[in-house]
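Visitor: how would this look folded up:
(chains A and B)
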Amino acid sequence: MDGMQLAGGVPMAGRADDRDGLTLDQLHVPLGPLLPLWPPGLVVRTKLQGDVIQQAAVEVLGIGDARGDAFWLRPGRPLKARWLDASAALLAIAGWADAAAVARRLRDQVLTGTPQAEIAGPIRRWGRQVRRSRTLPWLLTGVGQVPDKPSTPRALAGDALTRLYRWVDSLADPKTSVASPDVADGTPWAVDVLPSVLEGRELATARLIVASLDLDTDMLTVREAHHG
Amino acid sequence: MVETTAWGVLLLPVILGLFAVGAAAFDATLAARAAGVTAPRSAALAPLRSAAGLLVQQRRRTLAADTLLWRAAGMVLLVAAVLASLVTPLGHWAVGDLSAGVVWFNAMEIVAWAAVWLAGWGANSTFSLVGGYRFVAQGLAYELPHMFVLTTAALGAGSLRVADIVAAQQDLWFVVWMPVAFAVYLLSVLAMAFSGPFNHAVSGDVAGGVLAELSGVDRLVFLAGRWVLLVSGAAMAVPLFLGGGAGPLLPDWLWTLVKTALVLAALVWAGRRVPTIRMERFEEISWMVLIPATLLQALFVSLVVI
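Guide: Here you go, the predicted model:
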């Protein structure tokens, strides 16, 4: 190390073989634990070569210290609001700021108890706009495709686009209104599969993949509180 | 006929600046409307407020930054964006009536390429650099179709002089018989000013990319350069495809301003309606669709001219 050139006191990037067997610079870039539109506490430690994530290690910080109080499990937190929240995050990261802003506004209206009759129309209009977009399928198809196994939670099957469409369609369903605890079952599973879904993908899709899995790190603390 | 004016040198930056502020205000208003803000007038002033904030903000530093290149990036972008409009006529006046005006415009806008890359490189930060190389990749996608459509307009007039291109549209605007070239031109203007949906170089998934570490005056100059570049691109659409200052009743300079404002507003509005197009997807559509389409358009125009 002594003879090595240091840029501002920081050692230069190391090298490793990439997927084609070429020796390339390898950069260690952590994503999280605090980013806008990112599950709080989630850390993905990536090894990047160029734009490709060669390796990803996932960790959730602060589970032990949490009080086991999940925002979306408190009374008066309708499932509709949670799906609008998840859609808003995914749309914002996909770069569709206006559709995301509408979703956030509707989410807040649901949370503050706007009557169903008043809000159903705007939600339907927003859903139609999202489903009508022809760019969105082109951008999200195949992004964050999860393995199709019996253990895969039904709510998370498919790719980012199928998950977004699932949220949008459930929002149009009048039967969806109250939170049920089983919605969160996806989070521990998603945290487990996340490294394998991220590895080999481009950095450009990493944030989309994470947002599309609707990770709720609060749910992990609830589990922790219950189990031990 | 286009006459060159010396005082235009002073007027040009003012007009571009007013258009840039107007475009940013329109953009902020649209964003506020989507978010359900009830005071649109206050939203329209948001860009000016944040500009004032940036003026007094202290610069952030990064470790081992290439300070000279990093700071230069914003200035280069702004100057290139203003210079690109040197050959754009306002009615029958232009600051410069170069015999290769179209090439000048193209050259200035390629200088902006370098500026964005420098801004990404200079900060010595991963996300800035990612933004920088995203823009270089974006350049590979939009630059060739962009040059082909500029060539197509020049072919239609048989000249690279912007005044001749305007004169050639006396009977029929180029937009009518070169619609593909016009559409691709507008797309490439959005891409070269890295505004939505081609804003992957500055997108939120990498903390603002090229903009991630830019702060204070440097950020203000860079953002101003970006808006002026969008204005310059929109303004050039008028002499290239929309008959320049031609129009009934109003004087020609006013027609130029009206058409520029309409093109600019359409670009800002359309840019907000589509999610960000990632590089690998843009590359695909550019090489598989845009380049063949613009080449066919150029072939069609050549055949008509012969």
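Visitor: which one's the longest helix in the chain?
Guide: As the question left the chain open, I've gone with chain A. Using DSSP state H, we find that the single longest helix of chain A is helix A:116-132.
Visitor: wait, chain B was what I had in mind.
Guide: helix B:126-157.
Visitor: just the pLDDT for B:Val102.
Guide: At B:Val102, the model reports a pLDDT of 95.
Visitor: measure it to B:Val87 for me?
Guide: Distance from B:Val102 to B:Val87, counting by Cβ to Cβ, to the nearest Å: 8 Å. Backbone N, C-alpha and C define where each C-beta goes, glycine included.
Visitor: mind listing the shared neighbours of these two?
Guide: B:Val162 (Cβ atoms under 8 Å, 6 or more residues apart in numbering or on different chains).
Visitor: where does chain A have low pLDDT?
Guide: Along chain A, segments meeting pLDDT under 70 span A:1-11, A:64-68, A:174-185, A:222-228.
Visitor: can you give me the strands for it?
Guide: A:6-7, A:10-11, A:14-17, A:23-31, A:42-49, A:52-60 (DSSP state E).
Visitor: repeat that for chain B.
Guide: Assigned by DSSP E, the strands in chain B fall at B:3-4, B:93-94.
Visitor: which one of the ones you listed is the most hemmed in?
Guide: Of all those, strand B:93-94 carries the top mean neighbour count, a mean of 21, counting by mean count of other Cβ atoms under 10 Å in any protein chain shown.
Visitor: now do the longest helix of chain B, average pLDDT.
Guide: 93.
Visitor: that helix - contacts with which helices or strands?
Guide: helix B:101-122, helix B:162-167, helix B:174-177, helix B:179-192, helix B:216-241, helix B:279-285, helix B:291-305 (3 or more Cβ pairs under 8 Å, 6 or more residues apart in numbering or on different chains; DSSP states H and E).
Visitor: nearest to chain A among the strands of chain B would be which one?
Guide: strand B:93-94 (36.5 Å; Cβ to the nearest Cβ).
Visitor: and that closest one, how far out from the chain's middle?
Guide: 20 Å (Cα atoms, centre = their mean, to the nearest Å).
Visitor: what mean pLDDT does that strand get?
Guide: pLDDT averaged over strand B:93-94 gives 86.
Visitor: nearest residue to residue 212 other than its sequence neighbours?
Guide: Reading this off chain A. Once flanking residues are discounted, A:Ser212 sits nearest to A:Ala160: 3.5 Å by Cβ to Cβ, 6 or more residues apart in numbering or on different chains.
Visitor: let me rephrase: I mean chain B.
Guide: The spatial neighbour of B:Ala212 that comes closest, neighbours along the chain excluded (Cβ to Cβ, 6+ apart), is B:Phe127 at 4.5 Å.
Visitor: got the residues of the stretch 201-306 of chain B near chain A?
Guide: B:203-207, B:272-281 (Cβ under 8 Å from any Cβ of the partner chain).
Visitor: coming back round to it: quick one: the strands of chain A as JSON lines, columns for mean neighbour count and distance to B:Ile110 too.
Guide: Below are the strands of chain A laid out as JSON lines (neighbours: other Cβ atoms under 10 Å in any protein chain shown; distance: least, Cβ to Cβ, whole Å):
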{"stretch": "strand A:6-7", "mean neighbour count": "10", "distance to B:Ile110": "29"}
{"stretch": "strand A:10-11", "mean neighbour count": "10", "distance to B:Ile110": "33"}
{"stretch": "strand A:14-17", "mean neighbour count": "12", "distance to B:Ile110": "33"}
{"stretch": "strand A:23-31", "mean neighbour count": "15", "distance to B:Ile110": "28"}
{"stretch": "strand A:42-49", "mean neighbour count": "19", "distance to B:Ile110": "29"}
{"stretch": "strand A:52-60", "mean neighbour count": "18", "distance to B:Ile110": "28"}
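Visitor: residue contacts, the closest residue to A:Thr205 other than its chain neighbours?
Guide: Nearest residue to A:Thr205, sequence neighbours excluded (Cβ to Cβ, 6+ apart): A:Val143, at 5.1 Å. Contact partners of A:Val143, counting by Cβ under 8 Å, 6+ apart, are A:Asp159, A:Ala160, A:Leu161, A:Thr205, A:Leu208, A:Ile209, A:Ser212.
Visitor: top of those residues by number of neighbours, please.
Guide: A:Ser212 (30 neighbours; other Cβ atoms under 10 Å in any protein chain shown).
Visitor: hmm, that one is touching A:Arg166, no?
Guide: No - contact between A:Ser212 and A:Arg166 fails when scored by Cβ atoms under 8 Å: they sit 10.4 Å apart.
Visitor: quick one on the thing from earlier: nearest to B:Thr152, out of the strands of chain A?
Guide: strand A:52-60 (37.5 Å; Cβ to Cβ).
Visitor: sorry, back to before: buried stuff in the longest helix of chain B?
Guide: Going by neighbour count (16 or more other Cβ atoms under 10 Å in any protein chain shown), the buried part of helix B:126-157 is B:126-135, B:137-139, B:141-157.
Visitor: what residues does chain A put near chain B?
Guide: Residues of chain A that fall close to chain B, judged by Cβ under 8 Å from any Cβ: A:7-10, A:27, A:29, A:35-37, A:48, A:51, A:91-99, A:101-102, A:104-105, A:133, A:135-136, A:138-139, A:202-208.
Visitor: from the residues of the stretch 201-306 of chain B next to chain A, which would you call buried?
Guide: Neighbour counting with 16+ other Cβ under 10 Å marks B:203-207, B:272, B:274-279, B:281 as buried within those.
Visitor: sorry, back to before: for the residue nearest to B:Ala212, what are its contacts?
Guide: The contact partners of B:Phe127, by Cβ under 8 Å, 6+ apart, come to B:Val206, B:Ala207, B:Gly208, B:Gly209, B:Ala212.
Visitor: just to revisit the earlier point, what comes up buried for the longest helix of chain A?
Guide: Of the residues in helix A:116-132, A:Ile123, A:Trp126, A:Gly127, A:Val130 count as buried by neighbour count, 16+ other Cβ under 10 Å.
Visitor: got the contact list for the third one?
Guide: A:Gly127 is in contact with A:Val168, A:Asp169, A:Leu171, A:Ala172, counting by Cβ under 8 Å, 6+ apart.
Visitor: what do you get if the cut-off is 7 Å, keeping everything else the same?
Guide: Residues near A:Gly127 by Cβ atoms under 7 Å, 6 or more residues apart in numbering or on different chains: A:Val168, A:Leu171, A:Ala172.
Visitor: the residue nearest to it when sequence neighbours are not counted: neighbouring residues, count only.
Guide: Here the nearest residue to A:Gly127 in space, its sequence neighbours aside, is A:Val168; by Cβ to Cβ, 6+ apart that works out to 4.6 Å. Number of residues near A:Val168 (other Cβ under 10 Å) recorded here: 21.
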